[in-house]
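the following block contains a protein sequence and its predicted model.
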Amino acid sequence: MQTPDILQALLVVVLWGFNFVVIKWGVADVPPLLLGCLRFSLLALGGLFWVARPRLPWRWVALYGLTVGFGQFAGLFCAIKFGMPAGLASVVLQSQAFFTMLLAALFLREHWRPAQLAGLLLAAGGLALIGLARGGNMTLIGFVLTLLAASSWALSNVVVRAMVRHGLQIEPLGLVVWSGLAPPLPFLALSLWLEGGARDWHALTHFSWGSLAAVAYLAFAASMLGYGIWSRLLSRYPANSVAPFSLLVPLVALLCSTVLLGEQLTAIQMLGSVLLLSGLLVNLFGPKLLNSLLKQSS
């Protein structure tokens with residue numbers, strides 16, 4: 001990757017790392033599915049009038065919005081609300097890099113390299129330790145919902161790669177903004193069904209400035225800016241090259257959650273996190289290291 005693109009990827013890391021703390025603050029006062037509805041409603045309303053519609057078939061725009069928007073954040077918001085620590089959620093969500101590998105191999109016939117397979121095994125071991133761990137206020141339902149969120153994010157990565165393979169021209173900001181039209185109605189319907197209209201109405205009539213700031217950050221900083229950059233990178237580089245940059249997101253999120261939320265990992269959760277992140281490191285740097293060793297030996 002070129003240096004400007006690497007710097008943009010690192011900016012996304014910071015935006016998404018702090019994002020987990022903002023989600024924790026947001027779901028404290030607003031039901032999680034309603035929060036998702038508000039996030040993507042604000043994203044769509046804030047951008048439709050000044051961002052041009054992407055020159056893409058609507059089915060692709062909607063599919064991207066339902067995977068990266070509704071699927072990922074319905075799982076993540078509910079996970080954090082139902083007992084997944086924000087910092088630990090950031091670690092588990094990075095399994096999307098390996099779900100991306102699995103789905104890209106299944107749907108796009110992308111091939112794995114030995115280092116990627118080794119990284120996948122390390123990450124699987126780390127996820128197993130985190131899932132089996134007790135303590136740290138992590139719940140099983142929170143863990144499972146976070147895995148579902150990671151799977152949905154991975155599917156959106158594959159959707160972007162599939163669009164490129166079909167010869168479609170991706171306009172990242174337009175795609176992110178206009179795909180924001182897809183999630184609000186599913187979020188609202190699910191919120192009314194599971195959270196109840198009375199609870200939603202109470203949250204809206206008691207909406208605080210802090211809740212407004214959280215929704216604005218989630219809509220504009222994390223979604224519009226963050227995913228706009230991320231989608232542009234995925235349109236220029238293979239998913240297996242871009243996805244590992246998410247390795248740094250949990251480092252920012254863990255630091256923010258420790259300082260701002262007072263969260264702490266148990267020893268087993270820490271070990272599982274190290275294994276998972278080590279798997280991402282192997283996936284990112286393993287092929288380059290292996291090629292370097294082969295050149296030296298020859």
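Here it is on my side, so go on.

buried stuff in whichever helix or strand V158 is part of?
Using DSSP states H and E, V158 sits in helix 140-165. By 16 or more other C-beta atoms under 10 Å, the buried positions in helix 140-165 come out as 142-164. All C-beta spots, glycine's among them, are computed from the backbone N, C-alpha and C.

packing partners of that helix?
Using 3 or more C-beta pairs under 8 Å, 6 or more residues apart in numbering; DSSP states H and E, the elements in contact with helix 140-165 are helix 58-64, helix 72-81, helix 86-93, helix 96-107, helix 114-132, helix 228-236, helix 239-242.

now the third one: mean pLDDT?
Mean per-residue pLDDT for helix 86-93: 93.

quick revisit: hey, which of the helices and strands packed on helix 140-165 is tucked in deepest?
Of all the helices and strands packed on helix 140-165, helix 86-93 has the most neighbours on average by mean count of other C-beta atoms under 10 Å, namely a mean of 28.

dump the C-alpha coordinates for that one into PDB.
Taking C-alpha atoms only, helix 86-93 is exported to PDB below (Å, rounded to 0.1, in the frame of the first residue of the first chain):
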ATOM      1  CA  ALA A  86     -16.300  -2.200  25.000                       C
ATOM      2  CA  GLY A  87     -12.600  -2.900  24.900                       C
ATOM      3  CA  LEU A  88     -13.000  -6.700  24.600                       C
ATOM      4  CA  ALA A  89     -15.600  -6.200  21.900                       C
ATOM      5  CA  SER A  90     -13.100  -4.300  19.900                       C
ATOM      6  CA  VAL A  91     -10.700  -7.300  20.100                       C
ATOM      7  CA  VAL A  92     -13.300  -9.900  19.200                       C
ATOM      8  CA  LEU A  93     -14.700  -7.800  16.300                       C
END
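
from the chain's centre, how far out does that helix sit?
Its chain's average C-alpha position is 10 Å from that of helix 86-93, according to C-alpha atoms, centre = their mean, to the nearest Å.

and it, what other elements does it pack with?
helix 3-29, helix 72-81, helix 114-132, helix 140-165, helix 249-261, helix 267-297.

how near is M101 to L108?
For M101, the distance to L108 (C-beta to C-beta, to the nearest Å) stands at 11 Å.

got the contact list for the nearest residue to A221 once chain neighbours are set aside?
Nearest-residue entry for A221: L15, 5.4 Å, with adjacent residues in sequence omitted and distances by C-beta to C-beta, 6 or more residues apart in numbering. Shown in contact with L15 (C-beta atoms under 8 Å, 6 or more residues apart in numbering): 221-222, 225-226.
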